[in-house]
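**Q** Take a look and give me a structure for this.
(one chain, ligands or ions: 2)
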Amino acid sequence: MDHDEILRWLRETDPGRIEELWAHADRVRRDMVGDEVHLRGLIEISNHCVQQCGYCGLHRHNKKVQRYRMSREEIIGCIRQAVAFGYGTVVMQSGEDYGITTEWMADIIRWTKANTPLAVTLSFGERPDDDLKRWREAGADRYLLRFETSDPVLYAHIHPPLPNRTSDRFALLRLLRELGYETGSGVMIGIPGQTYDTLANDICAFREMDLDMIGVGPYLSHPDTFLGIPGGGYPRIDPAEQVPNAEDMVYRVVALTRLVCPEANIPSTTALATINKDSGREQGLARGANVIMPNLTPQTYRALYEIYPAKACIDEAAGHCADCVQHRIRSIGRQVGRGPGFRVTHSP
Ligand code: 5AD
Ligand code: FES
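**A** Residues are numbered from 1 along each chain as shown. Ligands and ions are numbered 1, 2, ... in the order given. Predicted coordinates for the structure are as follows:
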């Protein structure tokens, strides 16, 4: 499938054809990665951040955020819960927080690998090469870093560079692969200024990079960010070219991602569950996705990790989410994955 065909699917209006896309993606998902849905327990370990992204509520200038950083004991408590709930992976995520020091985190990774059967996924932003290397040596298996958009002008706008630093997420993703991480990336859908053409390029980039994991979700406006302020300013584009941050568009991207990256692990994301709390997760799973990332963050911190408003599961306890996702998976005739759920590879 080339760029133009992807573009046609993004713009398709015939409901019958769109049904074919869902069915095709679901078939490829089943043939390539099976019926298991892998669970990755998400621990949002800190909401401190040095970055100033125009979309994210945790950006450094947002004085309304009450900042927290979990202790080692709290994190280990959550990791033990991941084991108890039968999850195969723990994902530790935070803002880009240098209060999370290299050695402190390496120690938690080593503890996890020595004391649990879990795969360890990290998502700590654009950390220096040496941190990524040392965490890999400590035993981390995977790293998530979305490139957000493949349009360099739009990227520079929504992700203003820090003084004395460049931000080349594509270079970081290549480094992560060289270090031996399973590498994950992804984009937001419906960023102000994002065109259909750009989004088709994003999906082509997933294939070119041969990503192991690809997460996509709707862009959700946050009132305490510059993109969230009406007239907050973004590259002017023809309104007919603007991608909507609509549920249906997210499913199209999930389905097309499955078709161009048939072996990838693709989550049905929390942002998707946020725009359709009743069945967003299930529909994502039925249109190409094979992973869910239930939240393990302690309730005292959940609401403080507000990258966008009204995030799904903000009031639920970890045990509730564990039961909820397992029920949702079984309700659509799928199975809860066993083991860490590494990327599958089919010989050509
Ligand atoms: N809406 C949707 N997704 C967001 N993210 C951050 N802010 C928002 C928002 N306002 C996504 C980004 C980031 C991931 C952790 O969350 O893609 O990489
Ligand atoms: Fe958290 Fe359903 S997964 S409430």
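
**Q** Nearest spatial neighbour of Arg258, chain-adjacent residues omitted?
**A** Of all residues not flanking Arg258 in the chain, Gly288 sits nearest, at 3.2 Å (CB to CB, 6 or more residues apart in numbering). Using the backbone N, CA and C atoms, a C-beta is placed for each residue, glycine as well.

**Q** Now do the one you found: how many residues are near it, please.
**A** 30 (other CB atoms under 10 Å).

**Q** From ligand 1, how far off is the residue of the stretch 51-200 of the chain at minimum distance from ligand 2?
**A** Of all residues in the stretch 51-200 of the chain, the one sitting closest to ligand 2 is Phe85 (11.4 Å; CB to the nearest ligand atom). Taking CB to the nearest ligand atom, to the nearest Å as the measure, Phe85 falls 22 Å from ligand 1.

**Q** just His159 next, same as before
**A** As judged by CB to the nearest ligand atom, His159 and ligand 1 stand 10 Å apart.

**Q** For that residue, give me its contacts.
**A** Going by CB atoms under 8 Å, 6 or more residues apart in numbering, His159 touches Gln51, Cys53, Gly54, Glu148, Ser167.

**Q** Also Arg29?
**A** Going by CB under 8 Å, 6+ apart, Arg29 touches Arg258, Ile266, Gly288, Ala289, Asn290.

**Q** Kindly report the same for Gln66.
**A** Taking CB under 8 Å, 6+ apart, we find Gln66 in contact with Leu304.

**Q** Kindly report the same for Leu220.
**A** Here Leu220 is in contact with Asn245, Ala271, Thr274, Ile275, Tyr308, Pro309, Ala310 (CB under 8 Å, 6+ apart).

**Q** Per-residue pLDDT of the third one, please?
**A** This means Thr274. Predicted confidence (pLDDT) at Thr274: the value is 96.

**Q** Tell me the helix or strand right after the strand or helix carrying Cys204.
**A** With secondary structure defined by DSSP states H and E, Cys204 is part of helix 196-209. Later in the chain than helix 196-209, the nearest helix or strand by DSSP H and E is strand 213-218.

**Q** what helices or strands is that following strand leaning on?
**A** For strand 213-218, the packing partners by 3 or more CB pairs under 8 Å, 6 or more residues apart in numbering; DSSP states H and E come out as strand 142-144, strand 182-189, helix 247-260, helix 270-275.

**Q** and it, anywhere near ligand 1?
**A** Yes - applying CB under 6 Å from any ligand atom, one finds strand 213-218 in contact with ligand 1 at Gly217.

**Q** now that strand against helix 247-260, angle please.
**A** Strand 213-218 and helix 247-260 are oriented at 160 degrees to each other (axes from the mean of the first three to the mean of the last three CA atoms, to 10 degrees).

**Q** What residues of strand 213-218 count as buried?
**A** Neighbour-count burial for strand 213-218 flags Met213, Ile214, Gly215, Val216, Gly217, Pro218 (criterion: 16 or more other CB atoms under 10 Å).

**Q** so what's the first one up against?
**A** The neighbours of Met213, taking CB under 8 Å, 6+ apart as the test, are 142, 144, 182-186, 264-267, 291, 343.

**Q** redo that, cut-off 6 Å
**A** Residues near Met213 by CB atoms under 6 Å, 6 or more residues apart in numbering: Gly184, Asn265.

**Q** can you check Tyr301 too?
**A** Tyr68.

**Q** try 10 Å this time
**A** Ile43, Glu44, Ile45, Ser46, Asn47, Gln66, Tyr68, Arg69, Met70, Glu74 (CB atoms under 10 Å, 6 or more residues apart in numbering).

**Q** so which two of the residues you listed are the farthest from each other?
**A** Among those, the pair separated by the greatest distance (CB to CB) is Ile43 and Gln66, at 18.2 Å.

**Q** what's the longest helix in the chain?
**A** Ordering each helix of the chain by length in residues (DSSP state H) puts helix 15-33 first.

**Q** quick one: buried residues of that helix?
**A** Ile18, Leu21, Trp22, His24, Ala25, Asp26, Val28, Arg29, Val33.

**Q** So the fifth one is in contact with Cys261, correct?
**A** So the one you mean is Ala25. No - counting by CB atoms under 10 Å, Cys261 is not a contact partner of Ala25; they are 11.2 Å apart.

**Q** My guess is Leu179 contacts Arg136. True?
**A** Yes - counting by CB under 10 Å, Leu179 touches Arg136, with 4.6 Å between them.

**Q** Compare neighbour counts for the two and give me the winner.
**A** Arg136 (20 against 16).

**Q** Pull up the residues of this protein that are close to ligand 2.
**A** Pro294, Cys313, Glu316, His320, Cys321, Cys324, Val325.

**Q** so the fourth one sits in a helix?
**A** Yes - read with DSSP: H, G, I helix; E, B strand; the rest coil, His320 is one of the residues of a helix.

**Q** What sits closest to the closest residue to ligand 2 within the stretch 101-250 of the chain if chain neighbours are left out?
**A** Going by CB to the nearest ligand atom, ligand 2 is nearest to Gly217 of the stretch 101-250 of the chain, at 14.8 Å. Excluding its sequence neighbours, the residue lying closest to Gly217 (CB to CB, 6+ apart) is Ala271, at 3.0 Å.
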